[in-house]
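1. here is the input, now give the coordinates:
(chains A and B)
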Amino acid sequence: MTPRSAALALWSAGALLAMPAQAQTMRSFTATRGILAERQVIATLDFGAGAVRVGPAAASQLYRMEVRYDADRFRPTQQYDPRTGILRLGLESIGKGGMRVTSRSQLEQTGNFAFSRTVPLSLSANLGASEASLELGGLTLTDLTVRSGASRATIAFGSPMRGECRHATFTVGAGEIDIAGLANAGCREVRLEGGIGRATLEFTGAWKRNARVTVAMSMGVVTLRIPRGTGVRLDASRFLSALSADGLERDGKTWSTPRFDEAKRKITVELNTTVASIDVDWID
Amino acid sequence: MRVGRGALRALLFLLVAVLPSPLLASSPDNPVATVAHRMRDLLPLLEGLSAPAPQAVQADAQAPTVNPARLDDPARLERDLRAALRSPISRTRLNVVGGRARIGHTSIGSDEIVAGHLVVLNGDTEVHGRIEGNILSLDGNVTVHRGGIVIGDVLAIGGRVRMIGGDVTGTMQSLEAVVSPAEPAPSLWRVVAQRGAGLAGIFVTLLVLGFGMVTFGRPNLEIVSDTVSHSFGRSFTAGLLGQILLVPTFGMLVVGLVLTVAGALLVPFAVVIYLLLAVVAILGGLLAVAHAMGETITRRRMARGLVVSPNAYRYVLTGLTALAVSWIAWVAVGWVPVAGGIIFVSAALATWFLGTVGFGAAILSRGGVREHFAGRILPPEMMTDEFLWATPQFGVPAVTRPAKDPQ
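-> Numbers count the residues shown, from 1 in each chain, chains lettered A, B, ... in the order given. Presented below is the predicted three-dimensional model:
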């Protein structure tokens, strides 16, 4: 055997032994359930990576879930206990490998989730590093918690919510979150907790009740968009933070609109910011 | 007979295919949708011997067990069911907790009541009657017809759940079958070609950048290159420290600017400039290393008697080629198990090492401005009287040029 043929044989043997690249398997999963006599649904939604949409379901449906996911890394989760009303939807990591960086293939995952308009819903959404779009108008939300990591989330209340919303908590890690139509939501308490990122709270829509807003932000930009004519009072505890609040009068650590007590619609904002910028924009 | 069956199948297929999908997706009471679904259901019946004969699955103490009481982990259920399948499928044995299993197309009549769970393998399930339990289907659709009711959940793995006027009190789930992997594994030649193209692209890019630096910033490049040659170890140390401090320095810069009210406005510019300087230092340093390597190689060749043109362009080209040698080896034999990984790690380490040296040299020479470490400034102790002897510029009478010889 000549050296050339030996080298060729070695090269061919190596080619046969070479491991093929692992192909990615995308699968679709659908789950739906009709309404029977449910009084309340306590839902947890987990969707770590990809594009996720949340909205109202068809009239006869209690919930609906449609996901397209990377079957090599995730599995769909759908658990519902009709006795307690506890519902768990989303994707669960299989747990392959330790530390992973989100790849492009993971971002191809999509999820569509829908909930009944009529059954009271307590929703806790963990969105991880996904691109989220939540249209919650028309739902009967009692409590809402949205946790968003390194992602961009758009939450809209396009129409007035049914029922009485007690709390709405939004937690953003290092991403952006836009919340529009908070007046339609009519939640008694709105809380925003943010790390490095940008957050916009827009209080548009049909006014249901006065709101109490708590903002805790570090190294970020918070914009409050409030309809003109609304009474606003800001209690600010700031560290290295800039506050731009045109139209508000300062009294120590409190900024408020003139004749705040006489306003028909009131928003009380408690600010706790560190190295952040807070802007108050008026909407005509 | 065969022609007739094919023609009938084609006709049915056309009828079903022509029907617009919105009709099929409409309410269960829609008669058009009902007819379409019924015709679709006929198609598998014409598939001849491909579908297994309907039969019950025998239970066996040694056979695997599946529990359809909980259908909330379809991936695990699919894995368990597929592991239980045997070839031919009639040899499959399965124990179903609280229910029974069947193979092939299964129909529950309108006057039939099934108490317990139902598992159907490799076939469609038609429900006209009442099932008091969950339905778990593998590689088949589940259709609940008018009057049919399932008191429980339905999971179709590799199929769909359809409602044609029936009712399901629980959750309906469909898990799409795995048809084929998204992409086949690329061929070896394709892998090599892709890696080679990537390497060639990087090489050409660096070459263009290097020639640009020679053309427009040759003095700076040569000073950094001389720093690499004369202060190699010091450059590596500086480069290593520079890499470690790169991010903290960036953070301090941003925080420092934010803390000053006026400086906060400069943060975007500072970020851009800092990143730009870092990239220039790293890339310029690497090119300077290539320049130094090329110069050394060229001078050695000249010392052996070869006639080459010693210019900076040649230095950069030669040095980059030398840098690329390890990566060329990876492109050629990187697919070999173990050895390919070792070659890749070696090439990456060598590139990082040289890049660190270049980065350090760029820092030491302040981007090719300071010559202290370039071996160009002689220390005073090396100065001899010859160097210290000042040439008088004034007061020395010029020697008269001798007159020309008149002859």
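2. which stretches of the stretch 1-150 of chain A form helices?
-> In the stretch 1-150 of chain A, the helices defined using DSSP state H, counting those that start in this stretch lie at A:3-17, A:104-107.
3. ok, now chain B?
-> Using DSSP state H, the helices of chain B run over B:2-18, B:21-24, B:31-45, B:74-84, B:188-230, B:232-259, B:267-303, B:312-333, B:339-364, B:385-388.
4. confidence-wise, which of those helices is weakest overall?
-> Averaged per stretch, pLDDT over those is lowest on helix B:21-24, reaching a mean of 41.
5. so can I have a markdown table of the helices of chain B showing mean neighbour count?
-> Any C-beta I mention is one placed from the backbone N, CA and C, and that applies to glycine too. Formatted as a markdown table, those follow (neighbours: other CB atoms under 10 Å in any protein chain shown):
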| stretch | mean neighbour count |
| --- | --- |
| helix B:2-18 | 11 |
| helix B:21-24 | 11 |
| helix B:31-45 | 15 |
| helix B:74-84 | 17 |
| helix B:188-230 | 17 |
| helix B:232-259 | 15 |
| helix B:267-303 | 18 |
| helix B:312-333 | 19 |
| helix B:339-364 | 19 |
| helix B:385-388 | 8 |
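6. including distance to A:Thr214, could those go into CSV?
-> Converted to CSV, the helices of chain B look like this (distance: least, CB to CB, whole Å):
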stretch, distance to A:Thr214
helix B:2-18, 57
helix B:21-24, 47
helix B:31-45, 51
helix B:74-84, 40
helix B:188-230, 51
helix B:232-259, 24
helix B:267-303, 28
helix B:312-333, 55
helix B:339-364, 47
helix B:385-388, 76
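7. out of those, the one nearest A:Leu271 is which?
-> Closest approach to A:Leu271 among the helices of chain B is made by helix B:232-259 (18.2 Å; CB to CB).
8. distance between the closest one and the chain's centre?
-> 30 Å (CA atoms, centre = their mean, to the nearest Å).
9. relative to helix B:339-364, how tilted is it?
-> Counting by axes from the mean of the first three to the mean of the last three CA atoms, to 10 degrees, helix B:232-259 lies at 70 degrees to helix B:339-364.
10. could you give the angle of helix B:232-259 to helix B:267-303?
-> Helix B:232-259 and helix B:267-303 are oriented at 170 degrees to each other (the same axes, to 10 degrees).
11. helix B:232-259 and chain A, are they touching?
-> Yes. Judged by CB under 8 Å from any CB of the partner chain, helix B:232-259 comes into contact with chain A at B:258-259.
12. in the stretch 151-284 of chain A, mark out all the strands, start to finish.
-> According to DSSP state E, counting those that start in this stretch, the stretch 151-284 of chain A carries its strands in the segments A:152-156, A:167-172, A:176-180, A:189-194, A:197-202, A:211-218, A:220-227, A:231-239, A:242-245, A:249-251, A:254-256, A:266-274, A:277-283.
13. residues in the stretch 301-407 of chain B within reach of chain A, list them.
-> For the stretch 301-407 of chain B, the residues in contact with chain A (CB under 8 Å from any CB) are B:333, B:335-337, B:339-340.
14. ok, so of these, who is nearest B:Leu138?
-> Closest approach to B:Leu138 among those (CB to CB): B:Pro337, at 36.4 Å.
15. residues near the residue in the stretch 301-407 of chain B that chain A sits nearest to, how many?
-> Closest to chain A within the stretch 301-407 of chain B is B:Val336: 4.0 Å, counting by CB to the nearest CB. B:Val336: 18 surrounding residues under other CB atoms under 10 Å in any protein chain shown.
16. quick check: domain ranges of chain B?
-> Domain ranges of chain B: B:51-175, B:189-376, per automatic domain parsing.
17. on that earlier part again, so which of the helices of chain B is nearest A:Ala174?
-> In terms of CB to CB, the element of those nearest to A:Ala174 is helix B:232-259, at 14.7 Å.
18. tell me what angle that closest one forms with helix B:188-230.
-> 100 degrees.
19. what helices and strands are in contact with helix B:232-259?
-> helix B:267-303, helix B:339-364 (3 or more CB pairs under 8 Å, 6 or more residues apart in numbering or on different chains; DSSP states H and E).
20. ok so, going back, least confident of the strands of the stretch 151-284 of chain A, on average?
-> When the strands of the stretch 151-284 of chain A are compared by mean pLDDT, strand A:242-245 comes last with a mean of 84.
21. and that one, what's buried?
-> For strand A:242-245, burial by neighbour count (16 or more other CB atoms under 10 Å in any protein chain shown) applies to A:243, A:245.
22. repeat for stretch A:68-80
-> A:68-78, A:80.
23. that one vs chain B: in contact?
-> Yes. Counting by CB under 8 Å from any CB, chain B has neighbours in stretch A:68-80: A:71, A:75-80.
24. among those residues, which one has the lowest pLDDT?
-> Within the residues of stretch A:68-80 next to chain B, lowest confidence goes to A:Ala71 (86).
25. is stretch B:188-197 anywhere near chain A?
-> Yes. Contact of stretch B:188-197 with chain A (CB under 8 Å from any CB) involves B:Leu188.
26. re earlier: looking at the helices of chain B, which is closest to A:Asp235?
-> Nearest to A:Asp235, of these and by CB to CB, is helix B:232-259 at 23.9 Å.
27. for the stretch 151-284 of chain A, which residues are neighbours of chain B?
-> A:240, A:275.
28. that older thread, what pLDDT does the model give the residue of the stretch 301-407 of chain B closest to chain A?
-> 85.
29. quick check: it vs B:Arg190, distance?
-> The gap separating B:Val336 from B:Arg190 is 16 Å, by CB to CB, to the nearest Å.
30. now do the contacts for the residue in the stretch 151-284 of chain A that chain B sits nearest to.
-> Using CB to the nearest CB, the single residue of the stretch 151-284 of chain A nearest to chain B is A:Val275, 6.2 Å away. Shown in contact with A:Val275 (CB atoms under 8 Å, 6 or more residues apart in numbering or on different chains): A:218-219, A:239-241, B:258.
31. and if we set it to 10 Å?
-> Shown in contact with A:Val275 (CB atoms under 10 Å, 6 or more residues apart in numbering or on different chains): A:196, A:217-220, A:238-242, B:255, B:258-259, B:264.
32. low pLDDT regions in the stretch 51-200 of chain B?
-> B:51, B:179-185 (pLDDT under 70).
33. dump stretch A:166-180 to PDB, restricted to CA.
-> Extracted in PDB, the C-alpha atoms of stretch A:166-180 (Å, rounded to 0.1, in the frame of the first residue of the first chain):
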ATOM      1  CA  ARG A 166     -57.100  42.500  41.900                       C
ATOM      2  CA  HIS A 167     -53.400  42.500  41.100                       C
ATOM      3  CA  ALA A 168     -51.300  42.800  38.000                       C
ATOM      4  CA  THR A 169     -47.500  42.200  38.400                       C
ATOM      5  CA  PHE A 170     -45.000  42.600  35.600                       C
ATOM      6  CA  THR A 171     -41.400  41.500  36.100                       C
ATOM      7  CA  VAL A 172     -38.900  42.300  33.400                       C
ATOM      8  CA  GLY A 173     -35.300  41.200  33.500                       C
ATOM      9  CA  ALA A 174     -33.200  42.600  30.800                       C
ATOM     10  CA  GLY A 175     -35.700  43.300  28.100                       C
ATOM     11  CA  GLU A 176     -38.500  45.600  27.000                       C
ATOM     12  CA  ILE A 177     -42.100  45.500  28.100                       C
ATOM     13  CA  ASP A 178     -44.900  47.600  26.700                       C
ATOM     14  CA  ILE A 179     -48.300  47.600  28.600                       C
ATOM     15  CA  ALA A 180     -51.100  49.400  26.900                       C
END
